[in-house]
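>>> Provided below for reference: sequence and predicted model.
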Amino acid sequence: MNIRNDFPRRALLIGSLSVVLGTGHRAGAYLITDFGASADNPNTADMDIALGVTGYQIEDFEDTTLHPDLTLTGFTPGASFDPNQNNAGEAWDGNHVLSFYAVNDASPGALNFNVAGGATSVGFALSSWHYPNLDLQNPQRPNRLRINGGAWIDIDNTNFPNLDIVGNGRSGYLRIDQEPGDAPITILELSDPGDESLRIDHVAFVTESQLYTITDFAPSAYDADPATMDATLGTTGFTIEDFEDGTLHPELTLTGFGSLTFPAAGPSDAWDGSNVAEFSGVTEGSPGVLTFINGAASVGIGLSSFNNATNSLRINGGPSITIDTTNFPNLALGDGRSGYLRIDRPEGAPPISVIEIADPDDEALRIDHVAFDSLALPRVYTITDFAPSVYEADTASMNATLGITGYTVEDFEDGGLVSGLALARFGFLSFPDAVGAGVWDGGNVASFYGVTESIPGTLDRDQHHELSQPGHCGGRAQRVFANRPAPGCRSD
């Protein structure tokens, strides 16, 4: 359990018409990021970093045995992944690809991700994908995809401008990320109404449990000096619940634990002081739940009297992870201290909000020294308003007043936009538009109307300007709309 992944982040600051531009635009509410053919790299480790799929499970189609968590349906007739056929000019790893045709909206090809809880992120390479735009003789020509049975999304250069889908060879790469509130990805369907021969490769996917790093520590990590022990456990500076009294830390709740007692005396079980939280009556169907009200970047839990290899935990409702010595070889299952687990989220991944613990054998279990790195921080975005009187003809002086000195500025004095800025869905949009007294610099503005709550105008940033973010250089995130039938999912 040491697989990590980085997720894209979004940051947008608007002041006057100057912007510090951020990344990340939802697709459906899923986020689809497209990468050009130039993202291919013979060094697959470097390529995975660029594509943001480091640590993912990979199907490379180099032999006729599929990854056990991936099945293909609907691709026959015409689907093949033949290791004897060399597709080096189209492959994204090795020399072979999945080649298929005869898929359409009524009978699509499907990639099924058979992992517990579904996949949280999926990527796949495209090769020889043709017809990027509507054909006047056949308006059904664009290739398409849909997520979890939702609406079809055209794979064209309007939605995905980085793709090279005008001929043979590598066309590009798409990565689809689940966002908070989305259903896990269980099926991707592909359609080609033009009935061309298409290829995909380097199918990458990751599950919720693989988003987090779980580090296990032996019982010998215990130290009577909590500061020394925290240094060993990597929990120095964390908020600690020690169960030494009957009051929980206000950012932590315990629910569903059946019989729950704290403080419960247990000097040989305690990881600090002389008391623990003791509980029983937790099952897979009715687990005990630790809820971190403000979310946490990292969580640590001291385990005691974890006797059986059937105990399990879940992170944020993801797949069940068995607490045994196969997954966590440093643990010592039995009476007394069993060991310590620290769960870390990668930068940008969902906060750790809920950890569930289950014991099908209904033993009395104990936990202690619950440590968490709380995300109870000020709001990420601060909006400061300025009166019209801050306007000055001297833009340097005005920028100093507005606090935007040194920012990239779009002044709308010509018909081009600064590199990295795109304006979308503004209904009627006109610039440069001379309005005299309404300008904030020069003599022109951008004028628009036809924007609503449901169809707002957007100021978007190209992702390739975030080269300092590991795993996301060279891509662009596009907002695409897809209604999904799964209950509880939101739509934009």
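Yep, that arrived.
>>> okay, now the unreliable bits of the stretch 1-150 of the chain?
Counting by pLDDT under 70, the stretch 1-150 of the chain shows low-confidence ranges at 1-29, 76-86, 130-141.
>>> for it, just list every one of the strands.
Under the criterion DSSP state E, counting those that start in this stretch, the stretch 1-150 of the chain carries strands at the ranges 13-15, 18-20, 31-35, 57-59, 70-73, 98-100, 109-113, 119-127, 144-147.
>>> mind listing what's buried along the third one?
The reference is to strand 31-35. 31, 32, 33, 34, 35 (16 or more other CB atoms under 10 Å). (Each C-beta comes from the backbone N, C-alpha and C, glycine too.)
>>> in TSV: the strands of the stretch 1-150 of the chain, plus distance to residue 248.
Converted to TSV, these look like this (distance: least, CB to CB, whole Å):
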stretch	distance to residue 248
strand 13-15	37
strand 18-20	40
strand 31-35	35
strand 57-59	38
strand 70-73	43
strand 98-100	52
strand 109-113	38
strand 119-127	30
strand 144-147	39
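>>> between those strands, which gets nearest to residue 329?
Across the strands of the stretch 1-150 of the chain, residue 329 has its closest neighbour in strand 57-59 (21.9 Å, CB to CB).
>>> now for the closest one, which elements pack on it?
Packing partners of strand 57-59 (3 or more CB pairs under 8 Å, 6 or more residues apart in numbering; DSSP states H and E): strand 198-207.
>>> wait, doesn't residue 70 sit right on residue 59?
Yes. Between residue 70 and residue 59 there is a contact under CB atoms under 8 Å: 5.3 Å.
>>> those two: which is more packed in?
Under the criterion of other CB atoms under 10 Å, the comparison of residue 70 against residue 59 puts residue 59 first, with 22 against 17.
>>> for that one, what are its contacts?
Residues counted as contacts of residue 59 (CB atoms under 8 Å, 6 or more residues apart in numbering) are 66, 67, 70, 202, 203, 204.
>>> at 10 Å what do you get?
By CB atoms under 10 Å, 6 or more residues apart in numbering, residue 59 lies in contact with 65-67, 69-70, 72, 81, 93, 98, 111, 124, 200-205.
>>> for residue 343, same thing?
1, 212-215, 296-301, 313, 315, 321, 352, 355, 372.
>>> among the residues you listed, which ones are buried?
Looks like those have 212-215, 296-301, 313, 315, 321, 352, 355, 372 buried, using 16+ other CB under 10 Å.
>>> which of these fall within strands?
213-215, 296-301, 313, 315, 321, 352, 355, 372 (DSSP state E).
>>> closest to residue 161 out of the buried residues of strand 31-35?
residue 34 (7.4 Å).
>>> shouldn't the closest one be in contact with residue 161?
Yes. Between residue 34 and residue 161 there is a contact at 7.4 Å, judged by CB atoms under 10 Å.
>>> show me the contacts for the closest residue to residue 358 other than its chain neighbours.
Counting by CB to CB, 6 or more residues apart in numbering, residue 358 lies nearest to residue 287, which is 4.3 Å off, once chain neighbours are set aside. Going by CB under 10 Å, 6+ apart, residue 287 touches 255-258, 312-314, 320, 354-359.
>>> got a winner among these for most neighbours?
residue 359 (24 neighbours).
>>> quick one, domains of the chain?
Annotated domains of the chain cover 21-210+472-478, 212-374, 388-418+421-457 [automatic domain parsing].
>>> I'd like the average pLDDT over the second one.
The one in question is domain 212-374. Summarised as a single mean, pLDDT over domain 212-374 is 89.
>>> work out the gap between it and the centre of the chain.
With CA atoms, centre = their mean, to the nearest Å as the basis, domain 212-374 stands 25 Å off its chain's centre.
>>> next: the longest one.
When C-alpha coordinates are averaged (CA atoms, centre = their mean), domain 21-210+472-478 and its chain have centres 17 Å apart.
>>> and residue 366, how far is that from residue 126?
Residue 366 sits 52 Å away from residue 126, going by CB to CB, to the nearest Å.
>>> got it, and residue 371?
Distance, residue 371 to residue 126, using CB to CB: 44 Å.
>>> for the closest residue to residue 125 other than its chain neighbours, which residues are in contact?
Nearest in space to residue 125, with sequence neighbours left out and distances taken as CB to CB, 6+ apart, is residue 92 at 3.9 Å. Going by CB under 10 Å, 6+ apart, residue 92 touches 37, 39-41, 44, 47, 51, 60-61, 123-127, 170, 172-173, 199-204.
>>> circling back to that earlier point, tell me which of the strands of the stretch 1-150 of the chain lies nearest to residue 326.
strand 57-59 (18.5 Å).
>>> parallel or antiparallel, list what pairs with that closest one.
strand 198-207 (antiparallel) (DSSP bridges).
>>> quick one: the strand it pairs with to strand 119-127, angle?
Angle, strand 198-207 to strand 119-127, by axes from the mean of the first three to the mean of the last three CA atoms, to 10 degrees: 160 degrees.
>>> got the CA positions of strand 198-207 in CSV?
Taking C-alpha atoms only, strand 198-207 is exported to CSV below (Å, rounded to 0.1, in the frame of the first residue of the first chain):
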residue,chain,number,x,y,z
LEU,A,198,-8.9,2.7,-34.0
ARG,A,199,-6.2,1.9,-31.4
ILE,A,200,-5.8,2.5,-27.7
ASP,A,201,-2.8,1.7,-25.5
HIS,A,202,-1.4,2.3,-22.0
VAL,A,203,-4.7,2.1,-20.2
ALA,A,204,-4.0,3.3,-16.6
PHE,A,205,-6.3,3.3,-13.6
VAL,A,206,-6.2,3.8,-9.9
THR,A,207,-8.6,3.2,-7.0
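>>> quick one: which of the buried residues of strand 31-35 is nearest residue 239?
Closest approach between the buried residues of strand 31-35 and residue 239, by CB to CB: residue 31, at 30.8 Å.
>>> the closest one and residue 144: what is the separation?
18 Å.
>>> contact partners for residue 327?
Contacts for residue 327 (CB under 10 Å, 6+ apart) come out as 1, 214, 216, 309, 312, 321, 341.
>>> can you lay out the residues you listed as TSV showing distance to residue 433?
TSV is the format used below for those (distance: CB to CB, whole Å):
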residue	distance to residue 433
1	57
214	56
216	62
309	70
312	62
321	58
341	60
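>>> residue 421: how many residues sit nearby?
Going by other CB under 10 Å, the residues that sit close to residue 421 add up to 15.
>>> which one is it nearest to, not counting chain neighbours?
Spatial nearest neighbour of residue 421, excluding adjacent residues (CB to CB, 6+ apart): residue 410 at 5.8 Å.
>>> ok, that neighbour touching residue 440?
No. The criterion here is CB under 10 Å, and residue 410 misses it with residue 440 at 11.0 Å.
>>> can you show me the strands along the stretch 351-492 of the chain?
Ranges of strands in the stretch 351-492 of the chain, per DSSP E, counting those that start in this stretch, are 352-358, 365-374, 421-424, 428-434, 444-449, 458-461, 475-478.
>>> what comes up buried for stretch 407-416?
Applying 16+ other CB under 10 Å to stretch 407-416 flags 409, 410, 411, 412 as buried.
>>> again with stretch 436-454
Neighbour-count burial for stretch 436-454 flags 439, 440, 441, 444, 445, 446, 447, 448 (criterion: 16+ other CB under 10 Å).
>>> just stretch 332-348 next, same as before
332-333, 337-346, 348.
>>> now these as a markdown table including secondary structure and distance to residue 388?
Output for these, formatted as a markdown table (DSSP: H, G, I helix; E, B strand; the rest coil; distance: CB to CB, whole Å):
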| residue | secondary structure | distance to residue 388 |
| --- | --- | --- |
| 332 | coil | 69 |
| 333 | coil | 69 |
| 337 | strand | 66 |
| 338 | strand | 65 |
| 339 | strand | 63 |
| 340 | strand | 58 |
| 341 | strand | 56 |
| 342 | strand | 53 |
| 343 | strand | 50 |
| 344 | strand | 48 |
| 345 | coil | 44 |
| 346 | coil | 44 |
| 348 | coil | 38 |
